[in-house]
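Undergrad: turn this into a structure:
(chains A and B)
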Amino acid sequence: MLRHNKIELALHLLRPEPLDASTSTRPLLLLHGLGDRSPSSVPNWCQPWPGPVAALDFTGHGDSTVPAGGGYSPELLMADVDQALAYLTDDDPDRSITVLGRGLGAYVALQIAGARAGQIHGAILLDGPGLAGGPTGPTSQSVFALDTDGRSPDPYALVELGRDLRPGDYAVSFVNLANAGAPTDTPITVASSFRPKWLAAVVEAPGVAEASLADALATYA
Amino acid sequence: MASDPDDSGLDEHGESPFAGARRPERTYDLPAHGVRIAVHEWGDADAPPLMLMHGGFDFARTFDGFAPKLADAGWRVVSWDQRGHGNSEHAPLYSWDGDLRDTLAVFDHVADGRPIPVVGHSKGGALMTQLADAQPHRFRCLVNMDGIPYKRNLPDVAEHERTTMLAKDLAGWLDHRRRTATASRKPGTLDDLARRRGRMNPRLPHEWLRRLVTTGGFESEDGWRWKIDPALRFGGFGPWRPEWMLMRLPGLPMPFLGILGAEMEEMGWGTPPRKVLPYMPLDGRCEVLDDVGHFVHIEQPELVSGIVLDFIGAPS
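TA: Numbering: from 1, shown residues only, chains lettered A, B, ... in the order given. Take a look at the predicted model:
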């Protein structure tokens, strides 16, 4: 478990060591979709990754703490990932990882790729629950309270992270950050079939590649 | 750091006195969907309620000077500490959705869905403007005191420089998040904290800032600290744009009064009054106070309470 402020985050070390113990390959961190949780073993679709594989349960999901009273944002989940990044790199700013996000996790992967550009070798954005997010501009949003019982996934997470604002230019600002600070020419690869507006804007930005999942994994390995 | 001489002169409640300031008549905790919210009330408990919401990095007791003037006019003035602020619980998560949800718990407790007058300052004004747009049936009228966001104050720099600035902001915020599990507010003497706050509020008198320390801080063996959750950080980033709040104004169906201080300050939104006036609702108006800063109700409690009382009418 990792500590993020008042939250205990479950980081699952699905494959603690590289496939070939004599090599040193950067870790792959899996980020699940909205309402989902980390897999219990390395999924078939990322078996080819030669290095260690870890997966993080976001706040309010899986085995991580379900907080009272809601208040979620993708930016908070980005900070969740930052805690995992610190752990997987032993807090060494010269070490890096690759992140693979599904759905909501794809949006968060994009954010951390921009915010910690020097430590994210590549970000792979994949289909999954919560990929679309909410509107791209202001709306008359409802104010609500929900009955919760402490079980995950947190109903507040499902609603608040299912309707968060995702303007395209805001998403692209993370691409710009990744391009400015990442060690690779194409730090972001979109491997999804579905392209909501924010992701369509990301695909159009310089430094963003489109590839199959297998090719993306091979590129960042 | 032991207690120092500047702790002298505190009243029987351990609070630094200030002319015209008064403690709330009632203070209690309210469970708000899992988060404990501290509520403070001035005036007769049976009087008609009036809601008063503080700004970011403030707390309900910052109304110690202003609220009594409204209460003395016959209102039950109800304010509350936003989550993580003042005496309210340090919540696991913070967001506008969360603040609005806590607000509804207080509204339901006090007014049970009946329309009541609402006054908000700074972030509290902006939050109440959003709530007025989402749930107008709860509002008899709305007063927004220097809480009308206009736009981000971005410097006029090239795009790549802006990217560099955003990178520093993000890294700084993430570094802060890495430390929050063990962070605590910096201790100091009572006057130290008052002087620190004074750097953000240069227009407010030191004696008032001392009162803020003794009502919004706590003293332990190594000195005074603010109660506010160390996880909270001034400023921020995200997809939300201040001008989107301005767009909600014209459609507000209830009587609306904006009160803007003409002097720009660090904790304010930097909203030029002339930019706001075109967005007034059909039944709305805006008062611009010259030579007054962001804390209009603290700098000019007599004037501002008079304007507010005149606008909201007699208690009923």
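
Undergrad: get me the contact residues on the stretch 1-150 of chain B for chain A.
TA: By CB under 8 Å from any CB of the partner chain, the part of the stretch 1-150 of chain B that sits against chain A consists of B:32-35, B:83, B:90-95, B:97-98, B:100-105, B:131, B:133-135. Glycine gets a C-beta too; all of them are placed from N, C-alpha and C.

Undergrad: buried subset of those, written for ChimeraX?
TA: Typed into ChimeraX, the next command selects the buried ones out of those (criterion: 16 or more other CB atoms under 10 Å in any protein chain shown):
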select /B:32,33,34,35,83,90,91,92,93,94,95,97,98,100,101,102,103,104,105,131,133,134,135
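
Undergrad: now for whichever helix in chain B runs longest, which elements pack on it?
TA: If you go by DSSP state H, chain B has its longest helix at helix B:159-179. Where contact means 3 or more CB pairs under 8 Å, 6 or more residues apart in numbering or on different chains; DSSP states H and E, helix B:159-179 is packed against helix A:74-88, helix A:104-115, helix A:168-181.

Undergrad: what angle do that helix and helix A:74-88 make?
TA: Between helix B:159-179 and helix A:74-88, the angle formed by their directions is 70 degrees, by axes from the mean of the first three to the mean of the last three CA atoms, to 10 degrees.

Undergrad: could you export helix B:159-179 as PDB, CA atoms only?
TA: These are the backbone C-alpha positions of helix B:159-179, laid out as PDB (Å, rounded to 0.1, in the frame of the first residue of the first chain):
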ATOM      1  CA  GLU B 159       3.200  29.700 -25.800                       C
ATOM      2  CA  HIS B 160       6.400  27.800 -25.000                       C
ATOM      3  CA  GLU B 161       7.000  30.000 -21.900                       C
ATOM      4  CA  ARG B 162       3.400  29.300 -20.800                       C
ATOM      5  CA  THR B 163       4.100  25.600 -21.200                       C
ATOM      6  CA  THR B 164       7.200  26.000 -19.000                       C
ATOM      7  CA  MET B 165       5.200  27.800 -16.300                       C
ATOM      8  CA  LEU B 166       2.500  25.100 -16.400                       C
ATOM      9  CA  ALA B 167       5.200  22.400 -16.000                       C
ATOM     10  CA  LYS B 168       6.500  24.100 -12.900                       C
ATOM     11  CA  ASP B 169       3.000  24.500 -11.500                       C
ATOM     12  CA  LEU B 170       2.200  20.900 -12.000                       C
ATOM     13  CA  ALA B 171       5.500  19.600 -10.600                       C
ATOM     14  CA  GLY B 172       5.100  21.900  -7.600                       C
ATOM     15  CA  TRP B 173       1.500  20.600  -7.000                       C
ATOM     16  CA  LEU B 174       2.600  17.000  -7.300                       C
ATOM     17  CA  ASP B 175       5.600  17.500  -5.100                       C
ATOM     18  CA  HIS B 176       3.200  19.100  -2.600                       C
ATOM     19  CA  ARG B 177       0.900  16.000  -2.800                       C
ATOM     20  CA  ARG B 178       3.800  13.700  -2.100                       C
ATOM     21  CA  ARG B 179       4.400  15.500   1.200                       C
END
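
Undergrad: look up how far A:Leu85 lies from A:Ala109.
TA: Look at A:Ala109 and A:Leu85: by CB to CB, to the nearest Å, they are 11 Å apart.
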